[in-house]
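>>> Sequence first, then the predicted structure:
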Amino acid sequence: MRALVQRVLNASVDAEVDGATIRTGAIDKGLLVLLGITHTDTDITAKKMADKIWNLRIMEDENGVMNISIADSTKSILLVSQFTLYGDTNSGRRPTWTTAAKPEYAEPLVNQVVTELQELGAHVEIGQFRTYMQVASVNDGPTTVSIEI
C-alpha cells in the first residue's frame with residue numbers, strides 16, 4: 001500500500017458520474033491522501049496505513065514546527081484512491097499498472113482505510129471509486145510525504 005500525503009490549506013475532488021461532474025469531497029486545512037493498493041495488501045496493511053496517516057507528525061505546532069499529527073490538529077482528511085501510484089516505468093516511458101490491485105480487490109481496502117480513520121476520530125471526505133476524478137489542492141508548505149506499508 002502506498003500513499004502520498006499532502007498537508008493542505010484546502011482540497012477538493014470532483015467526479016464524473018453519468019455525464020455530470022459532482023463534488024464528492026472537500027476539506028479545509030488538513031491532509032490530502034492519495035492512496036494506492038497492490039495485490040499483496042490486506043486488512044492488516046489497511047489498518048497500519050490508517051494508523052500511520054493518523055499519527056504522522058507533519059502538521060505545524062504553535063511555533064511553526066512540524067511536530068503534531070492530524071489527530072492533534074484539524075482531524076480533516078480528503079482520501080482519494082489512486083491506482084497510478086503503482087505505475088511502473090522501469091521498462092520504458094509508458095507506465096504499466098500490473099502491480100496495482102484490480103478494482104474489486106482494491107475498493108474494499110480503500111474503504112477499510114477510510115473506516116479505520118473514522119474510528120480513530122478523523123473527519124474523512126472521499127473521492128468516488130472507479131470514476132474520472134479531478135483533484136484540486138492548495139499544498140501547505142509545500143509538504144508532501146510518501147508512505148509505503
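Arrived safely. Numbers count the residues shown, from 1 in each chain.
>>> Okay, the closest residue to H39 other than its chain neighbours and V33: tell me how far apart.
Sequence neighbours aside, A101 is the residue nearest to H39 in space, at 5.0 Å (criterion: Cβ to Cβ, 6 or more residues apart in numbering). (Each C-beta comes from the backbone N, C-alpha and C, glycine too.) Note on A101: its distance to V33, by Cβ to Cβ, to the nearest Å, is 17 Å.
>>> the more surrounded of these two?
V33 (27 against 21; other Cβ atoms under 10 Å).
>>> Within the sheet, what are the partner strands of the helix or strand harbouring V33, with directions?
Using DSSP states H and E, V33 sits in strand 30-36. In the sheet, strand 30-36 lines up against strand 2-17 (antiparallel), strand 76-81 (parallel) (DSSP bridges).
>>> if you compare the ones you listed, which one is most tucked away?
Most buried of these by mean neighbour count (mean count of other Cβ atoms under 10 Å) is strand 76-81; its value is a mean of 25.
>>> and after that one, which helix or strand comes next?
helix 103-120.
>>> can I get the CA coordinates of that following helix in PDB?
Extracted in PDB, the C-alpha atoms of helix 103-120 (Å, rounded to 0.1, in the frame of the first residue of the first chain):
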ATOM      1  CA  PRO A 103     -10.700  -2.600  -8.600                       C
ATOM      2  CA  GLU A 104     -12.800  -5.400  -7.000                       C
ATOM      3  CA  TYR A 105      -9.800  -6.200  -4.600                       C
ATOM      4  CA  ALA A 106      -8.700  -2.500  -4.000                       C
ATOM      5  CA  GLU A 107     -12.100  -0.900  -3.300                       C
ATOM      6  CA  PRO A 108     -12.800  -2.800   0.000                       C
ATOM      7  CA  LEU A 109      -9.300  -2.000   1.200                       C
ATOM      8  CA  VAL A 110      -9.700   1.700   0.400                       C
ATOM      9  CA  ASN A 111     -13.000   1.600   2.200                       C
ATOM     10  CA  GLN A 112     -11.300  -0.100   5.200                       C
ATOM     11  CA  VAL A 113      -8.700   2.600   5.400                       C
ATOM     12  CA  VAL A 114     -11.500   5.200   5.500                       C
ATOM     13  CA  THR A 115     -13.400   3.300   8.200                       C
ATOM     14  CA  GLU A 116     -10.200   2.900  10.300                       C
ATOM     15  CA  LEU A 117      -9.500   6.600  10.100                       C
ATOM     16  CA  GLN A 118     -13.100   7.400  11.000                       C
ATOM     17  CA  GLU A 119     -12.900   5.100  14.000                       C
ATOM     18  CA  LEU A 120      -9.700   6.900  15.100                       C
END
